[in-house]
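*Asks:* fold the following.
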Amino acid sequence: MRKSSLCILIIGTLIVFAHGVCVAEGAPPDGMMIELLQGSSVNGITDATPEFGWIVHSSSKNDMQSAYRILVSSNLEMLGNNRGDLWDSGKTVSSSSINVSYQGKALSPNQTCFWKVKTWTRKGGEGAWSQPQQFVTAKTLGTYSTPGYSVVKRDIAPSEFIKKADGHYFVDFGKAAAGTVRLSLTSPADGHVVTLHLGEKTSTATSVDPKPGGTIRYAEIRLPIDQGTHTYLVEIPKYKHGKRTLKMPEDVGEVMPFRYCEITGVPGPFDQRSIQQVAVHYPFDDRASEFSSSDKTLNEVWELCRYSIKATSYCGLYIDGDRERFPREADSYINQISHYCVDREYTLGRRTHEFMMTHTSQWTEWMLHSVIMAWTDYLYTGNRDSLESFYEDLEHKTLIALAREDGLISTKTGLVDDQLRKAVHYYRGEHVKGKQFRDIVDWPSGERDGYRFGTINTVVNAFHYRALVLMASIARVLGEDTDAEEFAARAALVKRSFNTKLIDLQTGLYLDGEGVAHSSLHANMFPLALGLVPEERKKTVARFIRSRGMACSVYGAQYLLESLYAADEDEYALELMTSKDTRSWHNMLRLGSTITLEAWDLRFKKNLDWNHAWGAAPANIIPRYLLGGRPLEPGFSKVLIQPQPGALKHASGIIPTIRGPITVSYRNDPGRPFELSISIPVNMTARVGLPQSNEEPSVVIVDGEEVNAQHQGKHLFVDGIGSGAHVLTCK
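*Replies:* Numbering: from 1, shown residues only. Predicted coordinates:
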């Protein structure tokens with residue numbers, strides 16, 4: 001039986017910890033987890049031996065959990081009396097605080113259970129019991145399935161309310177959200193009609209744009225009202241569904257993204273208390289992450305991208321914008337990694353990834369993203385259940401079936417359909433045929449920097465290499481050692497072939513493909529971001545990348561920024577994220593959107609939408625690279641904190657993890673040593689890198705004491721930093 005991991009969260013206590021308040025010795029665990037679902041009561045647990053987790057607290061530095069005790073009871077009163085009739089783990093000597101498997105009496109379908117946990121730490125001793133948590137098992141147990149939440153509705157009051165004339169009002173809710181409007185209206189007679197104009201864009205300061213262009217959303221809705229005072233929930237026009245479109249649940253109803261509402265024909269009294277935006281989204285903790293810095297534009301860009309992750313979650317899976325409303329792998333990867341960086345929530349990313357395992361896109365690089373998503377989920381959760389359940393599918397998603405003898409892959413090699421059918425399943429369970437495989441490089445097609453396609457394409461093979469590297473890691477995790485060796489050998493072969501057949505030896509740049517005499521931005525940024533560029537060529541490749549500017553789409557920007565940070569080009573990466581050019585996140589804000597766009601501007605994609613999370617790369621780039629926090633070991637048992645600040649003078653933020661929040665703050669004043677303040681959760685250690693351009697050996701001071709540091713690139717590294725608050729600087 002394959003299992004899936006899930007999580008539960010006691011919000012109040014977690015928020016206190018997340019904002020850096022000291023926790024008293026003996027404090028109970030919080031951040032309670034069962035199968036990645038969060039909340040005081042969770043449903044739909046399909047795993048017969050579910051996995052538990054929690055956040056451990058201690059006021060002592062460098063502390064670790066030494067033991068735990070879990071109680072699972074069939075009723076709350078029994079649990080309150082510290083009796084676990086279903087399972088009492090006893091005091092179990094272990095540092096494990098995530099993915100702890102249930103080992104009690106057999107659970108039954110539709111069973112309601114309650115659990116709590118207490119922990120011991122090496123320095124703090126015995127803690128108090130956590131608050132109790134309730135979970136309900138599914139109708140069927142023992143089949144692998146990642147449970148999820150229902151989307152939630154939230155009332156949003158107007159941020160601006162303007163009376164334009166008698167019966168005519170303009171309302172701004174501050175941010176766009178998918179949902180509808182609730183109105184309280186008074187009419188002297190039946191049959192009066194109020195007209196609403198909902199939209200994402202304005203044509204004047206107080207008018208909703210009825211012709212916004214592209215697929216920017218607008219709707220005119222006529223609402224008949226009855227005599228007297230009544231409350232109305234506006235019915236949104238039915239979405240025109242395609243064959244693959246995700247449908248909204250009937251109990252939620254249809255939604256549309258909008259920020260503004262203009263109302264005419266209101267017959268009676270009406271003020272800002274008479275109207276609310278009813279926003280629909282997946283459960284989201286707005287306080288789980290934070291970011292602020294010395295650059296106002298960067299702060300605005302981060303908030304735009306962070307909010308985009310929340311606002312686009314209304315279908316219960318990641319979607320390819322409201323224009324299409326279905327998942328694609330590349331979009332979903334950027335959504336996933338961004339979501340994991342701004343909220344301690346993993347079910348939406350995992351459920352979307354698993355949905356796409358049998359609902360695959362036809363784009364070659366998109367299929368390869370499935371392996372990247374699988375590994376990302378494992379890194380952030382430390383849970384291997386999804387890897388186990390989909391191992392064979394992931395193996396096919398590497399597209400080994402398309403490889404030549406030299407390891408490089410092509411969609412034009414004439415392989416028989418039977419081989420291709422093993423590789424991937426298309427939407428609605430249909431098998432992909434050879435003619436449906438297509439390389440994409442970037443989208444829209446005008447954003448490819450003049451990329452010239454051949455039989456063997458560089459970008460596709462960069463992703464193929466990365467998929468092989470990650471499959472080797474996945475195989476090792478699952479104990480498939482023979483497979484791991486084969487994947488690693490294939491990856492090495494691809495890297496050798498890539499660096500001999502796809503490079504211009506005169507320029508040191510990568511060509512768009514075999515036999516193609518052109519070097520695009522994409523043919524160079526993807527290999528650098530995905531680990532193919534030898535150290536001695538990085539400066540040459542990075543110099544060329546800088547020369548091309550933002551010659552890619554909002555999707556390509558994810559890998560452009562990653563390539564720059566991989567080459568220590570953090571100053572230029574910061575320039576791009578704070579740019580005010582047309583190709584920038586600031587331009588999205590200037591246009592008036594509060595959710596990231598599908599493209600940089602309407603001129604680059606005539607049917608673009610204003611609600612596309614694949615444009616939200618800074619939501620993950622800022623915490624992972626500019627603040628520098630990313631997992632070194634699965635489940636964040638070890639974290640890398642390596643700030644790459646560029647010219648930024650100061651920055652601070654909260655990075656959510658499954659073990660608890662990491663806080664990072666630094667000062668980067670010219671002429672002064674870089675100063676870094678961090679706070680690490682219990683049960684986590686850190687490798688910390690302080691930026692330093694001087695290659696002379698230096699001493700790092702940790703909490704007032706000198707320690708040895710290792711110089712690597714532009715950073716000085718100190719290993720083994722434990723939990724609690726620490727201050728690091730260079731002498």
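*Asks:* so what's the nearest residue to Ile70 once chain neighbours are set aside up against?
*Replies:* Nearest residue to Ile70, sequence neighbours excluded (Cβ to Cβ, 6 or more residues apart in numbering): Ser89, at 4.3 Å. To be clear about C-beta, it is placed using only N, CA and C from the backbone, and glycine gets the same treatment. Taking Cβ atoms under 8 Å, 6 or more residues apart in numbering, we find Ser89 in contact with 68-71, 103.
*Asks:* could I get these as TSV with distance to Glu633?
*Replies:* Output for those, formatted as TSV (distance: Cβ to Cβ, whole Å):
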residue	distance to Glu633
Tyr68	20
Arg69	26
Ile70	24
Leu71	29
Gln103	25
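*Asks:* so Glu447 touches Arg603, yeah?
*Replies:* No: applying Cβ atoms under 8 Å as the test, Glu447 and Arg603 come out as separate, 11.5 Å apart.
*Asks:* hmm, back to that, which of the contacts of Ser89 count as buried?
*Replies:* Buried subset of the contacts of Ser89 (neighbour count, 16 or more other Cβ atoms under 10 Å): 68-71.
*Asks:* so which of these are in strands?
*Replies:* Among the buried ones among the contacts of Ser89, the residues falling in strands (DSSP state E) are 68-71.
*Asks:* all helices for the stretch 201-350 of the chain, in order.
*Replies:* Listed in chain order, the helices of the stretch 201-350 of the chain (DSSP state H, counting those that start in this stretch) span 296-311, 329-342, 347-356.
*Asks:* relative to helix 347-356, how tilted is the first one?
*Replies:* Computed by axes from the mean of the first three to the mean of the last three Cα atoms, to 10 degrees, the angle separating helix 296-311 from helix 347-356 equals 60 degrees.
*Asks:* next: the second one.
*Replies:* For helix 329-342 against helix 347-356, the angle by the same axes, to 10 degrees is 160 degrees.
*Asks:* show me what helix 329-342 is packed against.
*Replies:* Helices and strands touching helix 329-342, by 3 or more Cβ pairs under 8 Å, 6 or more residues apart in numbering; DSSP states H and E, are helix 296-311, helix 347-356, helix 364-381, helix 554-566, helix 618-621.
*Asks:* what is the neighbour count of the closest residue to Gln710 other than its chain neighbours?
*Replies:* In this structure, Gln710 finds its nearest non-sequential neighbour in Phe717, 4.6 Å apart by Cβ to Cβ, 6+ apart. Neighbour count for Phe717, taken as other Cβ atoms under 10 Å: 16.
*Asks:* Phe717 contacts Val688, doesn't it?
*Replies:* Yes: counting by Cβ under 8 Å, Val688 is a contact partner of Phe717 at 6.9 Å.
*Asks:* shared neighbours of those two, anything?
*Replies:* Gln642.
*Asks:* quickly find the element holding the residue nearest to Gln710.
*Replies:* Counting by DSSP states H and E, the element that carries Phe717 is strand 715-721.
*Asks:* residues in contact with Asp406?
*Replies:* Asp406 is in contact with 493, 497, 501, counting by Cβ under 8 Å, 6+ apart.
*Asks:* a strand runs through the first one, doesn't it?
*Replies:* No: under DSSP: H, G, I helix; E, B strand; the rest coil, Leu493 falls outside any strand and is assigned helix.
*Asks:* hmm, Ala330 and Met356 touching each other?
*Replies:* No: assessed by Cβ under 8 Å, Met356 is found out of contact with Ala330, at 10.5 Å.
*Asks:* the residue lying closest to Val727 once chain neighbours are set aside: neighbouring residues, count only.
*Replies:* Taking Cβ to Cβ, 6+ apart, and ignoring the residues beside it in sequence, Val727 has Ser677 as its nearest neighbour in space, at 5.1 Å. Each residue near Ser677 was counted by other Cβ under 10 Å, and the total is 16.
*Asks:* what's the angle between the host helix or strand of Ser677 and strand 715-721?
*Replies:* Assignment of secondary structure by DSSP H and E places Ser677 within strand 675-680. Taking the same axes, to 10 degrees, one finds strand 675-680 and strand 715-721 inclined to each other by 30 degrees.
*Asks:* what pairs with strand 675-680, parallel or antiparallel?
*Replies:* strand 662-667 (antiparallel), strand 724-730 (antiparallel) (DSSP bridges).
*Asks:* now do the strand holding Phe717: which elements does it pack against?
*Replies:* Under the contact criterion of 3+ Cβ pairs under 8 Å, 6+ apart, strand 715-721 touches strand 685-691, strand 700-702, strand 710-712, strand 724-730.
*Asks:* change it to 7 Å
*Replies:* When contacts are defined as 3 or more Cβ pairs under 7 Å, 6 or more residues apart in numbering; DSSP states H and E, strand 715-721 packs onto strand 685-691, strand 700-702.
*Asks:* average model confidence for stretch 357-376?
*Replies:* Throughout stretch 357-376, pLDDT has a mean value of 94.
*Asks:* which parts of it are buried?
*Replies:* 357, 359-376.
*Asks:* with stretch 533-544 instead?
*Replies:* Going by neighbour count (16+ other Cβ under 10 Å), the buried part of stretch 533-544 is 533, 537-538, 541-542, 544.
*Asks:* cool, and stretch 263-277?
*Replies:* For stretch 263-277, the neighbour count (16+ other Cβ under 10 Å) marks 263, 266-267, 270, 274-277 as buried.
*Asks:* which of these sit farthest apart?
*Replies:* The largest distance within the buried residues of stretch 263-277, taken as Cβ to Cβ, falls between Pro267 and Gln277 and amounts to 22.1 Å.
*Asks:* next secondary structure element downstream of the helix or strand of the chain with the lowest mean pLDDT?
*Replies:* Across the helices and strands of the chain, mean confidence by mean pLDDT, DSSP states H and E is lowest for helix 11-18: a mean of 31. Per DSSP H and E, the first helix or strand lying C-terminal to helix 11-18 is strand 30-34.
*Asks:* point out the other helices and strands that that next one packs with.
*Replies:* On a contact count with 3+ Cβ pairs under 7 Å, 6+ apart, strand 30-34 meets helix 11-18, strand 51-55, strand 133-137.
*Asks:* 10 Å instead, please
*Replies:* For strand 30-34, the packing partners by 3 or more Cβ pairs under 10 Å, 6 or more residues apart in numbering; DSSP states H and E come out as helix 11-18, strand 41-45, strand 51-55, strand 112-121, strand 133-137.
*Asks:* given the last one, what are its sheet partners and their directions?
*Replies:* Based on DSSP bridges, the pairing partners of strand 133-137 within the sheet are strand 41-45 (parallel), strand 112-121 (antiparallel).
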